[in-house]
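Student: Have a look; sequence and predicted model below, questions after that.
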Amino acid sequence: MNKKGFTLIEVVVVVAIIALLAGILTPLIFKYIDEANQTRALGDCRNISTALLLFHKDTGTWPYFSQYQTEADIDYLYGNMGDMPRFEGDAQSSWGNTSDDMYFHLVTNGNPDQNTYIYRYKRAATEGGFMSHGWNGPYLPYVTDDPWAYKYVVSVGAFDYGPSSQQKTGTRSNVWCLSAGPDFAVQTPIWATETHFDDIGYRTM
């Protein structure tokens, strides 16, 4: 009986070809995945920045007030999904320490887990007041985590002293919406005009 089959050499050749193709294609696939993640993170940051501008149009202020405060006291906002990134290097000191969940400013204007929402931005303008209109959101349908499952952060405290002021940092300050990128560390200080290391973000002001 004549039996047909693969010889050992043929099997080795086929395996070698498959390994060669995998070695060529794998870096390309990971490159495209990495580019897609960066594109999505930048798009999310742009959407959050647009939401901030719409928020300002309706309320006449920026979301840097905690409950019942009349002076800006929040340094940065963070997303409600994902883990909190680290702040390293110059970013650690320039971003400040006081933070709040951007979900309660841009999506719900209060805590949906409580019986009563905190309507911080519904107060009508009065003489000497800081708000001209009322909260009319949601300005975002939700706040997602970044492609690496970490929170987005926004340096809203810089709105308080403006992009050209030197009150807090001794240099120019900017409002950044950032993803910490694949190393999970925010390394872009608020005075930077470009993102540092692998941070991905959009400069609102």
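Tutor: Sure, I can see it. Just so you know, these numbers come straight off a predicted model, no measurement behind them.

Student: Could you report the pLDDT at Y121?
Tutor: Y121 is assigned a pLDDT of 62 by the prediction.

Student: tell me the contacts of G137?
Tutor: L54, F55, D58, L106, V107, T108, N109 (CB atoms under 8 Å, 6 or more residues apart in numbering). C-beta: built from backbone N, CA, C; applies to glycine.

Student: and if we set it to 7 Å?
Tutor: When contacts are counted by CB atoms under 7 Å, 6 or more residues apart in numbering, G137 touches L106, V107, N109.

Student: secondary structure element for it?
Tutor: Under the criterion DSSP states H and E, no helix or strand holds G137.

Student: correct me, but T204 touches L52?
Tutor: Yes - applying CB atoms under 7 Å as the test, T204 and L52 come out as touching, 5.9 Å apart.

Student: and the two? which has more neighbours close in?
Tutor: L52 (25 against 22; other CB atoms under 10 Å).

Student: Which elements pack onto the helix or strand encompassing that one?
Tutor: In this assignment (DSSP H and E), L52 forms part of helix 8-59. Judged by 3 or more CB pairs under 7 Å, 6 or more residues apart in numbering; DSSP states H and E, helix 8-59 is in contact with helix 103-106, strand 176-179, strand 200-203.

Student: Need the winner for burial among these.
Tutor: By mean neighbour count, with neighbours taken as mean count of other CB atoms under 10 Å, strand 176-179 ranks first of the helices and strands packed on helix 8-59 at a mean of 29.

Student: For the chain, spot the helix or strand the model is least confident about on average.
Tutor: In the chain, the helix or strand scored least confidently by mean pLDDT, DSSP states H and E is helix 157-161, which has a mean of 80.

Student: residues of that helix that come out buried?
Tutor: Buried positions in helix 157-161, judged by neighbour count with 16 or more other CB atoms under 10 Å: G157, A158, F159, D160.

Student: before we move on, the earlier item: pipe the helices and strands packed on helix 8-59 into JSON lines and attach distance to P141 and mean pLDDT per row.
Tutor: Below are those laid out as JSON lines (distance: least, CB to CB, whole Å; pLDDT from 0 to 100):
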{"stretch": "helix 103-106", "distance to P141": "10", "mean pLDDT": "89"}
{"stretch": "strand 176-179", "distance to P141": "17", "mean pLDDT": "97"}
{"stretch": "strand 200-203", "distance to P141": "18", "mean pLDDT": "94"}
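
Student: any chance of these in CSV, plus distance to N97?
Tutor: Output for the helices and strands packed on helix 8-59, formatted as CSV (distance: least, CB to CB, whole Å):
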stretch, distance to N97
helix 103-106, 18
strand 176-179, 16
strand 200-203, 20
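
Student: Of those, which is nearest V13?
Tutor: strand 200-203 (43.5 Å; CB to CB).

Student: which residues touch the residue nearest the centre of the chain?
Tutor: Nearest residue to the geometric centre of the chain (CA atoms, centre = their mean): Y152, 2.4 Å. Residues near Y152 by CB under 7 Å, 6+ apart: D44, C45, I48, G79, D146, C177, L178, S179.
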